[in-house]
Structure formats: structure tokens, C-alpha cells
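[1] Dropping the sequence and predicted coords here.
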Amino acid sequence: MGPVGHTAISTVVGASIWGVTGSPLAGGVAAGVGVLVDVDHLVDLYQSWIRRKTHLVIVPFHGWEYSLAGLLVLCFGFYHPVFLAVVIGHLSHVTTDHFHNRLTPLSYFVLYRVWVRFDARKIAPGRDSAYFHHNLTSFFPFRSLWEPWYLRKVEPWFTAREHSTSEDVVIEPNK
Ligand SMILES: [Zn+2]
């Protein structure tokens, strides 16, 4: 799910947390965490574009483990409204992605992704790695204003880069 969907859902979650805890700060934190979990896509973009490892799904913040650990801590009696907000904001993000993106059942466990060495073919079978790396436009607002320009000027460059592996690179001999 892109940022617009996450923002909409996180706004509702944030308002609910504010209502339940009585803390506007906690509400803001829940909404913020619900959107900002996606900054970890930068890790995958870095791997894909700079290091040319296009078959990885890393997204380190996307993991049920964090939510579960947070819920356990809450169950064992540590309570603070902002901590609750972080846990619920994160949980709502991972839950939304899990049901919206429909990868394999374990894909949103970090430990599973480590186990399969972040291999996109196991984590998201049948999805082209381009699915992860070329849907960049959905991450930014006001898409209709700039997307035609992006598709014309920028994406061909990324595509060319991903399709040229290091072996394909022709090095000009020194003259
Ligand atoms: Zn996400």
C-alpha cells in the first residue's frame, strides 16, 4: 500500500488512540508511525539502484516481530500512551500491508525474510522485482502532476540500469 492509503488509515488509528488515551501526542505518534514505517523502502531502493541487487525484499521495519514484542511488553504491564501509540501504529501498518499486498503468509516476518535470504522469488513469488522498485511513483503525492515526466525521463534510466549487470558493462579500453 502506498502513502495515501497509509495516511488515511493512520489518521483514523491516530484519532482512535487520541480518543482512548486522551493524549493528542500519542494520537500524532500513532499516525506518524503508521506512515513512516515505509521509509525502510529506501534500503531496498539503495540495494536495487546503487548496489544492483534487484532480487531482494529487505524492508527491515516491516515485521510482525516488532508489533508482537511491543504487545508483549504492554501485556507485562509497561504502559505509556506514546509507547502504546508506537505499537498500534506499527501493527496497523504491517496488518494493512499484509492484507493489501498479499505476499506469502510469512512475508511480513523479518526472521522469515532472513531465513530465505531476502529472496524476492520466495517472499513475493510471481511478482517481478520491478513491482517493488518501479512503483516508486505511488509513494509520492500529486502524482498526476509529475508522473508523465517521471515515466518519460527517469524510469527508462532506472530500467536500463537494472537490466545491465556488472558483466554487461563494457569498459572502454584506454587509448
Ligand atoms: Zn509498508
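    The structure has been received and is ready for your questions. Residues are numbered from 1 along each chain as shown.

[2] And the residue nearest the centre of this structure?
    D38 (3.7 Å; C-alpha atoms, centre = their mean).

[3] I figured it hits V4, correct?
    No: when contacts are counted by C-beta atoms under 8 Å, D38 is not listed as touching V4 (11.4 Å). Every residue, glycine included, has its C-beta placed from N, CA and C.

[4] Which helix or which strand is home to the nearest residue to I88 once chain neighbours are set aside?
    Leaving aside its chain neighbours, I88 sits nearest to A30 (5.5 Å; criterion: C-beta to C-beta, 6 or more residues apart in numbering). When secondary structure is defined by DSSP states H and E, A30 falls within helix 24-36.

[5] contact partners of that helix?
    Residues outside helix 24-36 that contact it (C-beta atoms under 8 Å, 6 or more residues apart in numbering) are 3, 6-7, 9-11, 13-19, 21, 81-82, 84-86, 88-90, 92-93.

[6] which of these count as buried?
    6, 9-10, 13-14, 17-18, 21, 81, 84-86, 88-90, 92-93 (16 or more other C-beta atoms under 10 Å).

[7] and the ion, which of these reach it?
    Among the buried ones among the contacts of helix 24-36, not one lies near the ion by C-beta under 5 Å from the ion.
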